[in-house]
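> Sequence plus the predicted model coming up.
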Amino acid sequence: MVTVVIVSYNTREILSNCLDALFKSGMGREMEVFVVDNDSRDRSAEMVAEHFPEARLIANKQNLGFAAANNQAFRQATGEYIVLLNPDAYVLPSSIPNAVRFMDEHPECGLCGGKIISPEGRLEPSARRFPSPLTKLLTLSGLRAKFPQSRLLNWHEFGDFAHDRPMEVDWVPGTFTIARKAMLDKIGPFDERFFIYYEETDLCLRAKKAGWKVYFIPDAEVMHIGGASSKTRKDKTFDSAASQVLSFRMRSEWLYYRKNYGLATMLASAGIELLWFSMRYLKNLLIPTGDAARKKEMARSTMSQITRSVSDTQFGQFSPPIPW
């Protein structure tokens, strides 16, 4: 038995397509599916109840966040393996069977993730090393994006790796991940201090510390739209890729670093980001060119959100009350 868990937040049409693809994947009775709806306002829960009665629906009356919502399903799961699937990710028919076969053949593997493809057919980051202040600097400077195939400059995302074979990695995105339930029973589920973002990174780090391995496998493929739930938050500012809520990402990042690496690393990461946007602000203030006014305002806003998120989390020690 495989348990598939999908957390939904205002993604009714996308969720419907996701479930349709999932139930057509051929797993049949070997699969139980949980949909945890985080108080969607677009009648996502009603759609699931009406059109996908075979799915087990958990309809929350409050947005509990990604980690806590997944944990609700984990507690009821009966499968030997648990598949995390984003509502904006569509599995190929062979993806789950291939992932299960890999887990069966590699009992030392606690989690593995598949190959994530964009709707245009481009490979998205599917295998990663743990983040650090250095990888943040490479990202902010644009070097990682400019040299995506570089082993050195895109070290964080295995830039020189062709994604054509299984490989042990540090962590895999929660877009499509299969986890061994026996492992979760031993190390615990997601840390619910993370409302959204960094919860899968933290789980993979805990798994590796407990002696489990984390793998990327190429033959479990999903098409990923990206940021579908986050984009419904019209009241928030997004990162440059328009897929993550900026303040939420910062809060979770400071919580992650403080929990796992201490205050110095947390301050280093926040400090690098604050310094970078301070320099951008001064550049556009003193040497304005083109749309300098917009860039200056973006830098000012980002600096404000950095300092606010550090304060909100009490330097990474405290998770603000839900919903964020």
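Received, thanks. Being a predicted model, the structure only gives us computed values, none of them experimental.
> only C-alpha atoms for contact and neighbour calcs from this point on.
OK.
> where are the low-confidence patches of the stretch 201-324 of the chain?
Along the stretch 201-324 of the chain, the model assigns pLDDT under 70 to residues 227-238, 240-243.
> redo that, cut-off 50
Across the stretch 201-324 of the chain, the ranges flagged by pLDDT under 50 are 233, 242.
> Can you show me the strands along this protein?
2-8, 31-38, 56-60, 81-85, 89-91, 109-117, 167-168, 176-180, 213-224 (DSSP state E).
> Can you tell me what sits against the second one?
By C-alpha atoms under 8 Å, 6 or more residues apart in numbering, the list of residues contacting strand 31-38 from outside reads 1-9, 44-45, 48, 54-65, 69-70, 72-73, 79.
> are any of those residues buried, and which?
The neighbour-count test (16 or more other C-alpha atoms under 10 Å) marks 2-9, 44-45, 48, 55-59, 63-65, 69-70, 72-73, 79 as buried among the contacts of strand 31-38.
> thinking again about what came up before, okay if I get the strands of the chain as a markdown table plus distance to Ile187?
Converted to a markdown table, the strands of the chain look like this (distance: least, C-alpha to C-alpha, whole Å):
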| stretch | distance to Ile187 |
| --- | --- |
| strand 2-8 | 18 |
| strand 31-38 | 22 |
| strand 56-60 | 24 |
| strand 81-85 | 15 |
| strand 89-91 | 27 |
| strand 109-117 | 10 |
| strand 167-168 | 19 |
| strand 176-180 | 11 |
| strand 213-224 | 13 |
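> Which of those comes out lowest on mean pLDDT?
The stretch with the lowest mean pLDDT among the strands of the chain is strand 89-91, at a mean of 92.
> Tell me which other helices or strands it touches.
helix 12-23, strand 213-224 (3 or more C-alpha pairs under 8 Å, 6 or more residues apart in numbering; DSSP states H and E).
> model confidence over the first one, on average?
The average pLDDT within helix 12-23 is 94.
> And that helix, what does it pack against?
In terms of contacts (3+ C-alpha pairs under 8 Å, 6+ apart), helix 12-23 is packed against helix 44-51, strand 89-91.
> tell me which residues of it are tucked away?
Buried residues in helix 12-23, defined by neighbour count with 16+ other C-alpha under 10 Å: 12, 14-16, 18-19, 21-23.
> Return the member of those residues nearest to Phe130.
The nearest member of those to Phe130, counting by C-alpha to C-alpha, is Cys18 at 28.8 Å.
> what's the burial count for the spatially closest residue to that closest one that is not a sequence neighbour?
Nearest residue to Cys18 in three dimensions, chain neighbours excluded: Tyr90, at 5.2 Å (C-alpha to C-alpha, 6 or more residues apart in numbering). By the criterion of other C-alpha atoms under 10 Å, Tyr90 has 28 neighbours.
> Now for the nearest residue to Lys115 once chain neighbours are set aside, how many residues are close by?
The shortest distance from Lys115 to any non-neighbouring residue, by C-alpha to C-alpha, 6+ apart, is to Glu221 (4.7 Å). For Glu221, the neighbour count with other C-alpha under 10 Å is 23.
> Assess the claim that Glu221 and Ile116 are in contact.
Yes - Glu221 is in contact with Ile116 according to C-alpha atoms under 8 Å; the separation is 6.0 Å.
> circling back to that earlier point, identify the farthest-apart pair in the buried residues of helix 12-23.
The largest separation in these, counting by C-alpha to C-alpha, is between Arg12 and Phe23 at 16.4 Å.
> Can I get stretch 88-95 as CSV, trimmed to CA atoms?
What follows is stretch 88-95, C-alpha atoms only, in CSV (Å, rounded to 0.1, in the frame of the first residue of the first chain):
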residue,chain,number,x,y,z
ASP,A,88,0.4,21.6,-9.2
ALA,A,89,2.4,18.5,-10.0
TYR,A,90,1.2,15.8,-12.4
VAL,A,91,2.7,12.3,-12.2
LEU,A,92,3.5,10.1,-15.1
PRO,A,93,1.9,6.7,-14.9
SER,A,94,5.2,5.0,-14.1
SER,A,95,6.4,7.5,-11.6
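> So for Ala179, which of the helices and strands packed on helix 12-23 sits nearest?
The nearest among the helices and strands packed on helix 12-23, by C-alpha to C-alpha, is strand 89-91 at 16.2 Å.
> Partner strands of that closest one and their direction?
Strand pairing for strand 89-91, using DSSP bridges, gives strand 213-224 (antiparallel).
> quick one: contacts of the strand it pairs with?
Here strand 213-224 has contacts from 88-92, 94-96, 98-99, 108-119, 126-127, 163-172, 175-176, 204, 207-208, using C-alpha under 8 Å, 6+ apart.
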